[in-house]
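Novice: Prediction below, plus the sequence it came from.
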Amino acid sequence: MKSLLNQINSITRIKPEVQEALFASFKKEEIRKGAFLLREGSVCKNLSFLEQGCLRGFYYLEEKEITHWFAFENNFVTSFQSFITQRSSVENLQALEDCILWSISYDSLNRLYDMYPEIERLGRMVCEQYYLRLEERYVNAQFKTASERYNDLLTSNSKILQRVPLGCVASYLGISQETLSRIRNKK
């Protein structure tokens, strides 16, 4: 819970009594490597803070897995589309390592939004950070070559290459594993 407090304080300051109300709404959750936090077709009921481990978000396209994000320690994770709309998810969230998460339900979070403007501000700021990562990912996918995307990954988030299977990395970069191997061999 301390890492969650540190992450919140790095985003915005909230009063101790507001922190207390917020933390009382979070529940600890542990999931094993390979387990799903959410499966396509289910409604995402929680926003989670990843205290330990690694998760990925992916879609199926013609029975092929397309990884579109990874999360590591100190990231907030959810299927934002499903969580916000409370409709069925089109993505899957899967643990790539054993994970410890702190989760808050959609209903609890919205009650807190109504009660505390500081928490509503925190929620907006978390969504803004997510949007910025999403836009950066879009720009990379649209305007950079596979080699440029790989180099960006090396400089901005090299832990992905240390902790994530190469098949998932290749999918994330939008290339085949063979192409990834060729790019890596040129380094």
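Specialist: Nice, thanks for sending it over.

Novice: okay, and for this structure, where does confidence drop off?
Specialist: Applying pLDDT under 70 to the chain picks out residues 187.

Novice: Spell out the residue ranges of the strands in the protein.
Specialist: With strands called from DSSP state E, the chain shows them at 27-31, 36-38, 46-52, 55-61, 64-71, 75-77, 92-95, 99-105.

Novice: what does the third one contact?
Specialist: Yep, that's strand 46-52 we're talking about. Here strand 46-52 makes contact (Cβ atoms under 8 Å, 6 or more residues apart in numbering) with 1, 3-4, 7, 26, 29, 37, 71-78, 83, 98-106, 109. Just so you know, the C-beta spots here come from the backbone N, C-alpha and C atoms, and that holds for glycine as well.

Novice: Buried ones among those residues?
Specialist: 4, 7, 26, 37, 71-72, 75-78, 83, 99, 101-104, 106, 109 (16 or more other Cβ atoms under 10 Å).

Novice: Report the separation between residue 139 and residue 133.
Specialist: Going from residue 139 to residue 133 by Cβ to Cβ, to the nearest Å gives 11 Å.

Novice: neighbours of the closest residue to residue 25 other than its chain neighbours, just the number please.
Specialist: Leaving out its chain neighbours, the residue that sits closest to residue 25 by Cβ to Cβ, 6 or more residues apart in numbering is residue 108, at 4.3 Å. Residue 108 has 18 neighbouring residues, counting by other Cβ atoms under 10 Å.

Novice: The chain should start at 2 in everything you say after this.
Specialist: Taking 2 as the first residue, the last one we looked at is residue 109.

Novice: how much space between residue 109 and residue 22?
Specialist: To residue 22, residue 109 is 10 Å away according to Cβ to Cβ.

Novice: the helices in the chain, which residues?
Specialist: Using DSSP state H, the helices found in the chain span residues 3-12, 17-25, 81-86, 107-116, 118-144, 147-157, 160-164, 167-174, 178-186.

Novice: Tell me which of those sits nearest to residue 61.
Specialist: Residue 61 lies closest, by Cβ to Cβ, to one member of the helices of the chain: helix 167-174, at 11.2 Å.

Novice: re earlier: which stretch among the helices of the chain is buried most, on average?
Specialist: When these are scored by mean count of other Cβ atoms under 10 Å, the highest mean neighbour count falls to helix 167-174 (a mean of 19).

Novice: what sits against residue 54?
Specialist: 32, 73, 74, 96, 97, 98, 99, 100, 101, 102.

Novice: give me that answer again for 10 Å
Specialist: Going by Cβ atoms under 10 Å, 6 or more residues apart in numbering, residue 54 touches 31-34, 72-74, 96-102, 164.

Novice: got a markdown table for the strands of the chain, with distance to residue 117 too?
Specialist: Converted to a markdown table, the strands of the chain look like this (distance: least, Cβ to Cβ, whole Å):
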| stretch | distance to residue 117 |
| --- | --- |
| strand 28-32 | 19 |
| strand 37-39 | 26 |
| strand 47-53 | 16 |
| strand 56-62 | 28 |
| strand 65-72 | 26 |
| strand 76-78 | 18 |
| strand 93-96 | 27 |
| strand 100-106 | 13 |
